[in-house]
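> this one's sequence-less:
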């Protein structure tokens, strides 16, 4: 088992690394050339800056039983298709039961944004300590469940 992180602008890298290190699970952080990452624990892989380059690289190297951390529902869907586990930076698990609905909501939101003349969109609200704690608990639960299921 390995943990793969779509690390471009991922606010939970330190939490992932701490939990992974405590459980002796290797981590790979993937980012594009527009981001500078370094780590004393994780392997950092820098991918070209093309559209979705990090996403495609991540999916090409993850395997059944691995854990993928990404806020991109498309990446999560592809990871699930390979038999990997997927989790959002909010701590929400992506599963075969909920991914279709998430992809449909993403599609409808994108369609609404394109048809709207209004261009001002608020960004996400500021991340809180409670958000980080919620992610940490959910991520550790997933890691332990995956380890148990994969027999490692």
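Sure, I can see it. Note that the structure is a prediction, hence the values are computed from the model and not measured. Residues are numbered from 1 along each chain as shown.
> Please make it C-alpha for all contacts and neighbour counts, starting now.
OK.
> Please enumerate the helices of this protein.
Applying DSSP state H to the chain gives helices spanning 13-22, 53-61, 73-81, 99-115, 129-150.
> lowest-confidence stretch among those helices?
Looking at these, the lowest mean pLDDT belongs to helix 99-115 (a mean of 66).
> Can you give me the neighbour number for the closest residue to residue 92 other than its chain neighbours?
Closest residue to residue 92 apart from its sequence neighbours, by CA to CA, 6 or more residues apart in numbering: residue 138 at 7.4 Å. Counted with other CA atoms under 10 Å, the neighbours of residue 138 add up to 18.
> these two touch, right, residue 138 and residue 89?
No - here residue 138 lies out of contact with residue 89, judged by CA atoms under 8 Å, at a distance of 9.9 Å.
> how about the helices of the chain, which one is nearest residue 1?
Nearest to residue 1, of all these, is helix 129-150, at 7.4 Å by CA to CA.
> elements contacting that closest one?
Packed against helix 129-150 by the contact rule (3 or more CA pairs under 8 Å, 6 or more residues apart in numbering; DSSP states H and E) you find helix 13-22.
> ok, 10 Å please
Secondary structure elements in contact with helix 129-150, counted by 3 or more CA pairs under 10 Å, 6 or more residues apart in numbering; DSSP states H and E, are helix 13-22, strand 67-69, strand 85-87, strand 93-94.
> center of this structure, which residue is that?
residue 70 (1.6 Å; CA atoms, centre = their mean).
> coming back round to it: okay, the helices and strands packed on helix 129-150 in TSV with mean neighbour count next?
Output for the helices and strands packed on helix 129-150, formatted as TSV (neighbours: other CA atoms under 10 Å):
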stretch	mean neighbour count
helix 13-22	16
strand 67-69	27
strand 85-87	26
strand 93-94	21
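> can I get those in CSV with distance to residue 42?
Output for the helices and strands packed on helix 129-150, formatted as CSV (distance: least, CA to CA, whole Å):
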stretch, distance to residue 42
helix 13-22, 7
strand 67-69, 14
strand 85-87, 18
strand 93-94, 22
